[in-house]
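In: Have a look; sequence and predicted model below, questions after that.
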Amino acid sequence: MREILDLTARPTVISFAGGLPAPELFDVAGLRAAYDHVLSTAPSRVLQYSTTEGDPGLRAAVAERLSARALPTAVDDLLVTSGSQQALSLTSTALLAPGDTVLVENPTYLAALQCFAFVGARVVPVPSDEGGIDPVALAGLVASERPKLLYAVPNFQNPTGRTLSVERRRAIAEVAARHGLWIVEDDPYGELRFDGAPLPWIASFDGAADRTVLLGSLSKIMSPGMRLGWLRAPAALRQACATVKQTTDLHSSTVDQAAAARYLTDARLDAHLTRVRAAYRERRDALLDGLPHTLPPASTWSRPDGGMFVWVRLPDGHDATALLPRAAAHDVAYVPGAPFFAGRADPATLRLSFTGHSAGTIKEGLTRLAEAFE
Ligand code: PMP
């Protein structure tokens, strides 16, 4: 996939392929103020080594955000990680042995599949529909496959933009509690909700709390370059993850954590998120408005309430990977859906990211895509 995307990296290309936050929306002034503050008031602390668990101020600020959304969380329930990608890797290493079975939504986040494959796990896809993981199918697979964990992205999933309903979250929590299944609930997009009310985390349902590892990230809401995320897990697993982290990087960057903590306690994040959500909503709407005139008749697509991605299914017989060079020839790009599937891929699918361009550029990109698909 990296090779295909290299084809589309030319500056003339309007790319819907990347999963990057919009750089013009970064709160440069706010972050500079936060870094300035910590470097002027506590230079010898923030430029020094620090603890594996992470900056207590940052953990307190994250714990407060989680507790405010009905997931009571103490500072010590959290381990700061270098992005949620590291949290995924630590959790896989701490929990999984070669040959263990991991259930995943289908399709799912590509780098999670790579993470599970790397530790020698067997990945089994759970039948999933427009509402995400099907809890009835999940219960059946749990009985037959005896999996160790389920990996789920509950909000505005990558790559589909799908969100699990409250009913499905509850049902998944019940299956986990009944069968002693671990859940890795990966939620980097939840704060990017433009429509509707936030839904409870799977971790907040009775019986699921001590079986669920909740992963969060500052990448999509603050800056991916700061590489900060966190995991919330029961004590024994969290300590195992901290031990693995010690062998990996000792701790995440002290100065970046301190600046992030300052930014959060200054209450800058919510004002920033209001701006980001408004811009992304407009971009999502531009994409959704244009799709009926862009895609071949009988195509279908998701209508996400937030996040960064729309998932498209072209009519039967189309192959999104084979069509990509034609799109590139028209200076437009997307990501074919096939690599996101565990097991048999649906070649007619593709992922469009709506965050990287203004509404006007999105419109132009869709005109090019329509020409490519003609
Ligand atoms: N999980 C999911 C579902 C993602 O889409 C991403 C980033 N694309 C990550 C985890 C990793 O993000 P980060 O390490 O930047 O927090």
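Out: Great, that's in hand.

In: And the helices in this protein, which stretches?
Out: 2-7, 28-41, 43-46, 56-68, 83-95, 110-118, 135-145, 166-179, 235-248, 254-265, 268-294, 320-329, 359-373 (DSSP state H).

In: how about TSV for those helices, with mean neighbour count added?
Out: Any C-beta I mention is one placed from the backbone N, CA and C, and that applies to glycine too. Formatted as TSV, these follow (neighbours: other C-beta atoms under 10 Å):
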stretch	mean neighbour count
helix 2-7	11
helix 28-41	15
helix 43-46	13
helix 56-68	18
helix 83-95	24
helix 110-118	18
helix 135-145	16
helix 166-179	19
helix 235-248	16
helix 254-265	23
helix 268-294	17
helix 320-329	18
helix 359-373	18
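
In: Which of those sits closest to Val153?
Out: helix 110-118 (8.2 Å; C-beta to C-beta).

In: Helix 83-95 and the closest one, what's the angle between them?
Out: 20 degrees (axes from the mean of the first three to the mean of the last three C-alpha atoms, to 10 degrees).

In: elements contacting helix 110-118?
Out: If contacts are counted by 3 or more C-beta pairs under 8 Å, 6 or more residues apart in numbering; DSSP states H and E, helix 110-118 sits against helix 83-95, strand 101-105, strand 122-126.

In: contacting residues for the residue in the stretch 251-374 of the chain that the ligand sits nearest to?
Out: Residue of the stretch 251-374 of the chain nearest the ligand, by C-beta to the nearest ligand atom: Met308 (8.2 Å). If you count contacts by C-beta atoms under 8 Å, 6 or more residues apart in numbering, Met308 has them with 19, 21, 156, 158, 161, 189, 192, 220, 280, 353-355.

In: From Lys220, how far off is the residue of the stretch 1-150 of the chain found nearest the ligand?
Out: When scored by C-beta to the nearest ligand atom, the stretch 1-150 of the chain has Gly83 as its residue closest to the ligand, at 2.6 Å. Gly83 is 11 Å from Lys220, where distance means C-beta to C-beta, to the nearest Å.

In: if we can go back for a sec, would you enumerate the residues in contact with the residue of the stretch 1-150 of the chain closest to the ligand?
Out: With C-beta under 8 Å, 6+ apart, Gly83 has these contacts: 217, 219, 224, 227-229.

In: List, one by one, the residues from the protein near the ligand.
Out: Within the chain, the positions lying close to the ligand (C-beta under 6 Å from any ligand atom) are 19, 83-85, 109, 153, 158, 186, 188, 217, 219, 224, 229.

In: Out of those residues, name the ones that lie in strands.
Out: Secondary structure defined by DSSP state E assigns 186, 217, 229 of the residues of the chain next to the ligand to strands.

In: isn't the last one right next to Gln86, touching?
Out: Same thing as Gly229. Yes - judged on C-beta atoms under 8 Å, Gly229 makes contact with Gln86 at a distance of 6.8 Å.

In: Would you mind giving the ones in strands among the residues of the chain next to the ligand as JSON lines with pLDDT, distance to Leu269 and neighbour count added?
Out: Putting those into JSON lines (pLDDT from 0 to 100; distance: C-beta to C-beta, whole Å; neighbours: other C-beta atoms under 10 Å) gives the following:
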{"residue": "Asp186", "pLDDT": "98", "distance to Leu269": "20", "neighbour count": "29"}
{"residue": "Ser217", "pLDDT": "98", "distance to Leu269": "13", "neighbour count": "24"}
{"residue": "Gly229", "pLDDT": "98", "distance to Leu269": "15", "neighbour count": "25"}
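
In: Identify, from these, the entry nearest to the ligand.
Out: Distance to the ligand across those (C-beta to the nearest ligand atom) is lowest for Ser217, with 3.2 Å.

In: residue contacts, the closest one?
Out: 83-84, 188, 228-230.

In: Could I get those in a markdown table, plus columns for distance to Lys148?
Out: Shown next, in a markdown table, are those (distance: C-beta to C-beta, whole Å):
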| residue | distance to Lys148 |
| --- | --- |
| Gly83 | 23 |
| Ser84 | 20 |
| Pro188 | 23 |
| Leu228 | 27 |
| Gly229 | 22 |
| Trp230 | 22 |
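
In: okay, Gly343: pLDDT?
Out: pLDDT recorded at Gly343 is 87.

In: Contacts only, for it.
Out: 106, 124-125.

In: sorry, back to before: so which of the residues of the chain next to the ligand comes closest to Gly360?
Out: Closest approach between those and Gly360, by C-beta to C-beta: Gly19, at 21.4 Å.

In: okay, now the closest one: neighbour count?
Out: Residues contacting Gly19 under the criterion other C-beta atoms under 10 Å number 20.

In: now the protein, which segments are flagged as low pLDDT?
Out: 1-5, 7-8 (pLDDT under 70).

In: Walk me through the domains of it.
Out: The chain breaks down into these domains under automatic domain parsing: 2-27+270-373, 32-267.

In: Burial check on the nearest residue to Val276 once chain neighbours are set aside, number of neighbours?
Out: Leaving out its chain neighbours, the residue that sits closest to Val276 by C-beta to C-beta, 6 or more residues apart in numbering is Leu25, at 5.3 Å. When counting by other C-beta under 10 Å, one arrives at 14 neighbours for Leu25.

In: how near is Leu25 to Arg275?
Out: 7 Å.

In: With Arg303 instead?
Out: Taken as C-beta to C-beta, the span from Arg303 to Arg275 is 23 Å.

In: Mind listing residues that contact stretch 61-73?
Out: With C-beta under 8 Å, 6+ apart as the criterion, stretch 61-73 contacts 74-75, 77-78, 198, 200-201, 203-204, 214, 216, 230, 232, 261, 264-265.

In: Ile130 contacts Thr163, doesn't it?
Out: Quick fix: residue 130 is Glu, not Ile. No - with contacts counted by C-beta under 8 Å, Glu130 stays clear of Thr163, the gap being 10.0 Å.
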